[in-house]
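**Q** sequence-free structure coming up:
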């Protein structure tokens, strides 16, 4: 093996390091801990939704650490008035200083104001938690709150 061949293998060997070998800081609820620097920077949901529509939940994940992070997973937990249809996909690798967006889909079961919580994991380690509220309306309560007049229900044909 020549020196040129040996030098060309060095980046390949370095890129095969597993995340357990890289320990940048974890930011958990605003405090610094051990682990990765992966945080939830934003959770986006529509503030008001009619009960007939499914609700997309967009989570923006940042890697503030100095090294890449593998197996980043976001898990959505919801109140009793909501149902999770699709959990976000797992992020295989997140580069240092990089960010990504994952999307979940929830379905409203009842009207009201409901909380949903996003938990962020690196492997099996919980690294960040974020929470947001969404208000679910029925067509009638939405119209009533805004002073809109709905047509009277039609009588069935005789």
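**A** Yep, that arrived. From a predicted model like this one, the values you see are computed outputs, not experimental measurements.
**Q** I would like the residues contacting the longest strand seen in the chain, please.
**A** As far as residue count goes, and with DSSP state E defining each element, the longest strand of the chain is strand 125-137. With contact meaning C-beta atoms under 8 Å, 6 or more residues apart in numbering, strand 125-137 is reached by 26-29, 35-36, 38-40, 43, 45-51, 55, 59, 81-82, 108, 110-121, 145. All C-beta atoms are positioned from the backbone trio N, CA, C, and that covers glycine.
**Q** redo that, cut-off 7 Å
**A** 26-29, 35-36, 38-40, 43, 45-51, 55, 81, 108, 111-121 (C-beta atoms under 7 Å, 6 or more residues apart in numbering).
**Q** Direction included, what does it pair up with?
**A** strand 48-50 (parallel), strand 112-122 (antiparallel) (DSSP bridges).
**Q** which SS class is residue 143?
**A** The three-state label given to residue 143 by DSSP: H, G, I helix; E, B strand; the rest coil is helix.
**Q** Now do the same contact list for it.
**A** Contact analysis of residue 143 by C-beta under 7 Å, 6+ apart lists residue 150.
**Q** and what of residue 88?
**A** Residue 88 sits in contact with 59, 74, 102, 103, 104, where contact means C-beta under 7 Å, 6+ apart.
**Q** sorry, back to before: worst average pLDDT in the strands paired with strand 125-137?
**A** Per-segment mean pLDDT for the strands paired with strand 125-137 reaches its minimum on strand 48-50, at a mean of 85.
**Q** Please spell out which residues along it are buried.
**A** When burial is assessed from 16 or more other C-beta atoms under 10 Å, strand 48-50 yields the following buried residues: residue 49.
**Q** again with stretch 63-76
**A** Applying a neighbour-count criterion of 16+ other C-beta under 10 Å, the buried positions in stretch 63-76 are 63, 64, 65, 68, 69, 70, 72, 73, 74, 76.
**Q** No more questions from me, cheers.
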